[in-house]
Every structure is written in structure tokens, then in C-alpha cells.
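Participant: sequence unknown, structure follows:
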């Protein structure tokens, strides 16, 4: 069974950078895609970025392009989310997720989820 563990969250100030990690275990991830989602208090979980594991092809939510970058290390089975120029509105719990097949931006398309890591950006 696929297990996902996020790390790297914390409290930062506006303009700072932060790098999240998602360690994956429990299988081989050929033909998988993995994604990052976030959920702010009182809001629905939203798509942040996704990556096709086989070749590392990234997809980032349009509103976050230029500030957020997704990558993966297929030797360490770890996915990353590099966040820069952080804003208070980026405050949320960040989740990583995995699915068989091509990247998708919809929560319900993902079969496996981590527990989340809190990111708080102060003004």
C-alpha cells in the first residue's frame, strides 16, 4: 500500500521561501503521478501542482506559476514543492497525493494521501 509522508512545513514571513518534501513508500511508482494540494481554513482543498513520476513532467496551478516549483527524486522516492515569495494567502495545510496514471488537478482523482503539513505565512 502506498504511503505518503509530508515534511518541511512551518511558520515563515511574507516573501520567504520554503521547500516541502513528500516521501513515498509501499511500491514502485512507474506510471504514477503525484500531486500537491492545499487546504486553508474554511476552504475546499485545491490543486497546487502535480508531476508525472516517469519523466518528471510538471504541472503547476496557473495562479502559482513563477512562485511554486514541483520536482521529484526517483531514487529517493521523494517529491518536492519549492515555494518562494510566500504570501499570507498561501497559509494552508499542504497535502501530497498519488494516483495511477497521468497527472490530474482534481482531489477525487487521487487514491492515496498523506497526512499534511502546515504552512503558515505571517504578514
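Facilitator: That came through, no problem. A quick note: this is a predicted structure, and the numbers were derived from the prediction, not measured.

Participant: contacts and neighbour counts: CA atoms only from here.
Facilitator: Fine.

Participant: In this structure, what residue spans correspond to strands?
Facilitator: For the chain, the strands defined by DSSP state E occupy 3-7, 10-13, 18-25, 32-39, 46-52, 58-60, 68-73, 78-83, 92-100, 112-113, 117-122.

Participant: Out of those strands, which gets nearest to residue 106?
Facilitator: strand 46-52 (6.8 Å; C-alpha to C-alpha).

Participant: thinking again about what came up before, I'd like the strands of the chain as TSV, with distance to residue 106 and mean neighbour count appended.
Facilitator: Compiled in TSV, those are given as follows (distance: least, C-alpha to C-alpha, whole Å; neighbours: other C-alpha atoms under 10 Å):
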stretch	distance to residue 106	mean neighbour count
strand 3-7	18	19
strand 10-13	25	14
strand 18-25	19	20
strand 32-39	9	24
strand 46-52	7	24
strand 58-60	13	19
strand 68-73	17	20
strand 78-83	18	20
strand 92-100	11	23
strand 112-113	13	18
strand 117-122	19	20
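
Participant: Would you convert those into a markdown table that also reports mean pLDDT?
Facilitator: Listed next are the strands of the chain as a markdown table, based on pLDDT from 0 to 100:
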| stretch | mean pLDDT |
| --- | --- |
| strand 3-7 | 98 |
| strand 10-13 | 98 |
| strand 18-25 | 98 |
| strand 32-39 | 97 |
| strand 46-52 | 98 |
| strand 58-60 | 96 |
| strand 68-73 | 97 |
| strand 78-83 | 98 |
| strand 92-100 | 97 |
| strand 112-113 | 97 |
| strand 117-122 | 98 |
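
Participant: Excluding chain neighbours, what is closest to residue 29?
Facilitator: residue 53 (6.7 Å; C-alpha to C-alpha, 6 or more residues apart in numbering).

Participant: Relative to residue 19, how far out is that neighbour?
Facilitator: In this view, residue 53 and residue 19 are 19 Å apart by C-alpha to C-alpha, to the nearest Å.

Participant: for the residue in the chain sticking out farthest from the centre, what are its contacts?
Facilitator: The C-alpha centroid of the chain is most remote from residue 123, which lies 22.8 Å away (C-alpha atoms, centre = their mean). For residue 123, the contact set (C-alpha atoms under 8 Å, 6 or more residues apart in numbering) comprises 13-14, 87-88.
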